[in-house]
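[1] Make a model of this:
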Amino acid sequence: MMRFVMALILASVFLGQSMIAQMQSVQPDSLSLERAIALALEHHPSMRAAEANTRSAASGVTQALSTYYPSLVASGGFTRTDGVFVFNPSIPPKGQTYNSYTTGLQFQGNIFDFGKTIEHVSASNEFLDAANADSRSTRDEVILNVQLAYFGLIQAEQVAIVNQEAVDQSEQHLKQAKANYTVGKRPQFDVTKAEVDVANANVNLIRAVNQTRLSKLGLENAMGVRSTGAYRVQNGFDVEPMNMSLDSIRSVTMVQRPELIAARSRVEANVSLTSAAWDQHLPTLSYTSGWTWSNFDYTPLFRRWTAGLTVSLPVFEGFAISAQVEQARANADVARANLELLNESVMLEVEQNFLGLKEADEEISASSKLLEQAEENLNLAERQYAAGVGTELDVSDAQLSLSNARITRIQSLYDYNTALVRLRRAMGNAAK
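    Numbering: from 1, shown residues only. The predicted structure follows:
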């Protein structure tokens, strides 16, 4: 058992120190949170997809507007005819071959369609507004993911530092236990217990260092960028206060949350499409004109000109228009229901993150007091052990309590910062 413990100690010490040496062997570049966000907005694939969706919606507006403009079509053709023709029963059939040439311009457009085009243009503009809001939502989500990953890396690095300090303290205590055992002041159990504490501390350090590496990978994934070299993030957490009341946060959320803006735009778009579908019952007034040049030889071509007005009114189309109107109304009802559901879920998200922020704020105060007490407890245990009135178990427990208190303090700061950015994301203000 003793050999196994010593082997574990040596392996853990070697691996832990090797990892720390690798982390400290380079002078890494500094990566600020603002720079990480900028890299994500520039490189993350979801941003390109959002931009493409916005371009698609803008093209839809152009297509809807095109109905306002006339169309001009140019045409040209050549026909060769060869065969036997019967011109009259009294005239024998006659074989004939001839060519015909024709070219022309056709000019046509709508004069008035009783609102169909206007409603389609209005719907397309609303869909474009929704696409712009979706793009904002994607941007906010990218920023949030970077912030969470960045804070996660800070947390992992700070926990690794705490575990490294725990290793250093355990090793120092092991030396003290060995010295006391050598002079007969302490039993061999103290040495064995101190060796086990060193092994446990090194195992925790190995896990913490590996978690740091995983957190760094998570940050790079959130940025959409793979690092080719070492970099470091800021050393600690900022505690930025949130002074807004819950009612004020709700009001701001209703105005600027991009998902709500997009949902409201889709409701308006579907209402416009419903009107456009019903307007198909109404007539359409259009015009057409054209110029045609034709002959049996390519020169000269003889010109003809035509112009006219057309009024079209659907009388019966197999109930297709009524079905389209009903379908458009159903789509509008779905959009309204989705907006109501989204309102509820967004308000729930806001309230949950607000309460989480308040909880984390209280945890910071409590963890600060816990850390202070743990430091005092360790100092007292070490003094008692040095004076010969304390036990190895007291020191070990005090060291473990201090490490746990430091990690709890780090966790509370992490919880506060993540709750704050989640709340801002819920408000539609992730970039702040």
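[2] what residues are up against Phe237?
    151, 154, 413-414, 416-417 (CB atoms under 8 Å, 6 or more residues apart in numbering). Every C-beta, even on glycine, is put in place using the N, C-alpha and C of the backbone.
[3] Now with 7 Å, please.
    Contacts of Phe237 were listed using CB atoms under 7 Å, 6 or more residues apart in numbering, and they are 154, 413-414, 417.
[4] Now it, what are its backbone angles?
    Phi and psi for Phe237, reported as degrees, to the nearest 10, are phi -100, psi 140.
[5] do the same with the one 10 residues further on
    Main-chain dihedrals, Asp247, degrees, to the nearest 10: phi -60, psi -40.
[6] gap between it and Leu355?
    14 Å (CB to CB, to the nearest Å).
[7] Of those two, which one has the most company?
    Leu355 (13 against 8; other CB atoms under 10 Å).
[8] ok, so what distance separates that one from Glu349?
    11 Å.
[9] how long is stretch 224-242 from one end to the other?
    30 Å (CA to CA, to the nearest Å).
[10] Centre of the chain to it, how far?
    19 Å (CA atoms, centre = their mean, to the nearest Å).
[11] Run a quick neighbour tally on the residue lying closest to Lys94 once chain neighbours are set aside.
    Closest residue to Lys94 apart from its sequence neighbours, by CB to CB, 6 or more residues apart in numbering: Phe85 at 5.8 Å. If you count neighbours by other CB under 10 Å, Phe85 ends up with 11.
[12] Equivalent analysis for Asp361, please.
    So Asp361, with other CB under 10 Å, has 17 neighbours.
[13] secondary structure class for it?
    Here Asp361 is recorded as helix under DSSP: H, G, I helix; E, B strand; the rest coil.
[14] Please report the distance of Glu34 from Val146.
    10 Å.
[15] again, but for Ile321
    With CB to CB as the criterion, Ile321 and Val146 are 50 Å apart.
[16] Which stretches in this structure count as strands?
    Taking DSSP state E as the test, the strands found in the chain are 29-30, 71-85, 94-112, 231-232, 284-295, 302-312.
[17] Can you check which of these gets nearest to Asp238?
    With CB to CB as the criterion, Asp238 lies closest to strand 29-30 of the strands of the chain, at 15.7 Å.
[18] can you list the weak-confidence ranges in the stretch 201-350 of the chain?
    Within the stretch 201-350 of the chain, no stretch has pLDDT under 70.
[19] and what of the stretch 1-150 of the chain?
    Across the stretch 1-150 of the chain, the ranges flagged by pLDDT under 70 are 1-28, 87.
[20] Repeat the analysis, applying 90 as the threshold.
    In the predicted model of the stretch 1-150 of the chain, residues 1-31, 67-68, 78-101, 109, 111-116 satisfy pLDDT under 90.
[21] picking up where we left off before, between Ile321 and Val146, which is the more surrounded one?
    Counted by other CB under 10 Å, Ile321 and Val146 do not tie: Val146 has more neighbours, with 25 against 16.
[22] residues contacting the more buried one?
    So Val146 contacts 36-37, 40, 222-223 (CB under 7 Å, 6+ apart).
[23] Check the residues you listed and tell me the two furthest apart.
    Most distant of the contacts of Val146, by CB to CB, are Ile37 and Ala222, 9.6 Å apart.
[24] Could you check how many residues crowd around the closest residue to Thr97 other than its chain neighbours?
    The shortest distance from Thr97 to any non-neighbouring residue, by CB to CB, 6+ apart, is to Asp82 (4.4 Å). Asp82: 9 surrounding residues under other CB under 10 Å.
[25] any idea how far Asn295 is from Asp82?
    Relative to Asn295, and taking CB to CB, Asp82 is found at 18 Å.
[26] Please apply the same query to Gly77.
    12 Å.
[27] ok, those two, which is more surrounded?
    Per other CB under 10 Å, whichever of Gly77 and Asn295 has more neighbours is Asn295, with 13 against 10.
[28] who touches Thr67 in this structure?
    Counting by CB under 7 Å, 6+ apart, Thr67 makes contact with 110, 117.
[29] Leu420 too?
    Counting by CB under 7 Å, 6+ apart, Leu420 touches 240, 242, 357.
[30] can you tell me how far the residue nearest to Gln256 when sequence neighbours are not counted sits from Ile261?
    Leaving aside its sequence neighbours, Gln256 sits nearest to Gly428 (CB to CB, 6+ apart; 4.0 Å). Gly428 sits 8 Å away from Ile261, taking CB to CB as the criterion.
[31] Between the two, which has more neighbouring residues?
    Gly428 (23 against 20).
[32] Which parts of the protein are helices?
    Taking DSSP state H to define them, one finds helices in the chain at 2-24, 33-43, 45-65, 116-182, 188-223, 246-256, 258-278, 320-387, 392-427.
[33] could you give the angle of the fifth one to helix 116-182?
    Read it as helix 188-223. 160 degrees (axes from the mean of the first three to the mean of the last three CA atoms, to 10 degrees).
[34] For Glu326, state which of the contacts of Leu420 is nearest.
    Nearest to Glu326, judged by CB to CB, of the contacts of Leu420 is Leu357 at 46.7 Å.
[35] Am I right that that closest one is in contact with Met244?
    No: using CB atoms under 7 Å, Leu357 is not in contact with Met244; the gap is 10.5 Å.
[36] Compare those two (neighbour count), which wins?
    Leu357 (22 against 14).
[37] Return the residues in contact with the more buried one.
    242, 416, 419-420, 423.
[38] Report pLDDT for it.
    Predicted confidence (pLDDT) for Leu357: 94.
[39] From the centroid of this structure, which residue is nearest?
    For the chain, the residue nearest the mean C-alpha position is Glu141 (3.2 Å; CA atoms, centre = their mean).
[40] which residues does that one contact?
    By CB under 7 Å, 6+ apart, Glu141 lies in contact with nothing.
[41] Check the gap between the closest residue to Phe151 other than its chain neighbours and Leu423 for me.
    Leaving out its chain neighbours, the residue that sits closest to Phe151 by CB to CB, 6+ apart is Asn417, at 5.0 Å. As judged by CB to CB, Asn417 and Leu423 stand 11 Å apart.
[42] gap between the closest residue to Ala269 other than its chain neighbours and Ser90?
    In space, and not counting its chain neighbours, Ala269 is closest to Glu126: 3.5 Å by CB to CB, 6+ apart. Look at Glu126 and Ser90: by CB to CB, they are 71 Å apart.
[43] And for Lys369?
    122 Å.
[44] These two - which one has more neighbours?
    In this view Lys369 and Ser90 are compared by other CB under 10 Å, and Lys369 has more residues nearby, 11 against 5.
[45] before we move on, back to that, got the helices of the chain as JSON lines, with distance to Trp291 columns?
    JSON lines is the format used below for the helices of the chain (distance: least, CB to CB, whole Å):
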{"stretch": "helix 2-24", "distance to Trp291": "80"}
{"stretch": "helix 33-43", "distance to Trp291": "53"}
{"stretch": "helix 45-65", "distance to Trp291": "27"}
{"stretch": "helix 116-182", "distance to Trp291": "27"}
{"stretch": "helix 188-223", "distance to Trp291": "60"}
{"stretch": "helix 246-256", "distance to Trp291": "56"}
{"stretch": "helix 258-278", "distance to Trp291": "34"}
{"stretch": "helix 320-387", "distance to Trp291": "35"}
{"stretch": "helix 392-427", "distance to Trp291": "61"}
